[in-house]
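Engineer: no letters, just coordinates:
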């Protein structure tokens, strides 16, 4: 089971709406790059397991930046949504977990030319260690 392009757009809109309500002066525009979203979903669909799909979804949204804002947050929520659709959930225990994930997603974002396989492997491990059955 995989999310659709429209699902990702709706997740991003929800994240940005929440951001706008809390930070009206720091408004992040709402826009999506359809080609980037199609590339992300194609790569995710090619993965063999739900863990690889979720990790790739999270990493590729952070890397390709298909939205005007909220890409890393959209990647995390989208990955958790995909896991939940498959009977799992992403369990982030504490602020250290969150901070480590942010660091990984910033690493991915900084690698503009290619998705760094070592960083992607760390994200796969992160997801593997933090999923639980619903």
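Structural biologist: Looks like it arrived, so ask away. Not measured: the values here are computed from a predicted model.

Engineer: wait, doesn't residue 92 sit right on residue 132?
Structural biologist: No - no contact is recorded between residue 92 and residue 132 when judged using CB atoms under 8 Å, the distance being 11.0 Å. Quick note: C-beta positions are derived from backbone N, CA and C, even for glycine.

Engineer: what strand or helix carries residue 48?
Structural biologist: Secondary structure assigned from DSSP states H and E places residue 48 in neither a helix nor a strand.

Engineer: that one: neighbouring residues, count only.
Structural biologist: For residue 48, the tally of surrounding residues (other CB atoms under 10 Å) stands at 7.

Engineer: begin at 21, not 1, for the rest of this chat.
Structural biologist: Done: numbering now begins at 21, and the last item shifts to residue 68.

Engineer: do you know how far it is from residue 112?
Structural biologist: 24 Å (CB to CB, to the nearest Å).

Engineer: got the contact list for the host helix or strand of residue 38?
Structural biologist: Element membership of residue 38 [criterion: DSSP H and E] is helix 25-42. With contacts defined as CB atoms under 8 Å, 6 or more residues apart in numbering, helix 25-42 is touched by 46-48, 50, 52, 54, 57-58, 60-61, 81, 86-87, 89-91, 93-94, 97-98, 101.
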